[in-house]
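Visitor: Sequence plus predicted model, see below.
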Amino acid sequence: QVQLVESGGGSVQAGGSLRLSCRFSSATYCDNDMSWYRQAPGKERDFVSGIDNDGAATYAASVRGRFTASQNKDKTIFDLQMHNLKPEDTAMYYCKADCYDTSWNLRGTFWGQGTQVTVSS
C-alpha cells in the first residue's frame, strides 16, 4: 500500500555531487516521516538523514555540512542533495517512511528498493 521509489544514484569522483530523490505514495492514510539510510557491503544499515513532522532535518555526523535533506509540501518527494562526496560515502542508499495514523500511532515502516552511490578516489 506504501510505495517508495528512489532515483538519482550513480558513480562520481571524490568531491563530486549527486542528488537522490524518493517518491512516496500510499493507498491509505499515512502521515509520513521520511529518512535516508545507507548500507555499505558487509556493514549495517546506518541512518544518514531524516526530516521529522515539524520539518526539522537531522544528519549523521559523517555527512553533516555536506548533505542536505528536503521534502515538498505534501511530503511526496524527499530529496537528498550530496556534495563533496567521499569514497566512504559509497553505499546503497535507502529511503524509509514511518507511517503514523491520525492519533500519531506508528502504523508501519516501509523501505524503498535502494539506489547505489559509488564514489571513486
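Guide: Received it, and whenever you're ready, just let me know what you need.
Visitor: In which helix or strand does the residue located most distally from the centre of the chain reside?
Guide: Computed with Cα atoms, centre = their mean, the maximum C-alpha offset from the centroid of the chain is found at residue 103, amounting to 25.0 Å. For residue 103, there is no enclosing helix or strand under DSSP states H and E.
Visitor: So for it, what's the pLDDT?
Guide: pLDDT for residue 103: 89.
Visitor: ok, now how distant is it from residue 53?
Guide: Distance from residue 103 to residue 53, counting by Cβ to Cβ, to the nearest Å: 13 Å. In short, each C-beta sits where N, CA and C put it, glycine included.
Visitor: And for residue 33?
Guide: Distance from residue 33 to residue 53, by Cβ to Cβ: 6 Å.
Visitor: between those two, what contacts are shared?
Guide: Shared contacts of residue 33 and residue 53 (Cβ atoms under 8 Å, 6 or more residues apart in numbering): residue 100.
Visitor: more neighbours, these two?
Guide: Neighbours were tallied for residue 33 and for residue 53 using other Cβ atoms under 10 Å; the higher tally belongs to residue 33 (20 against 12).
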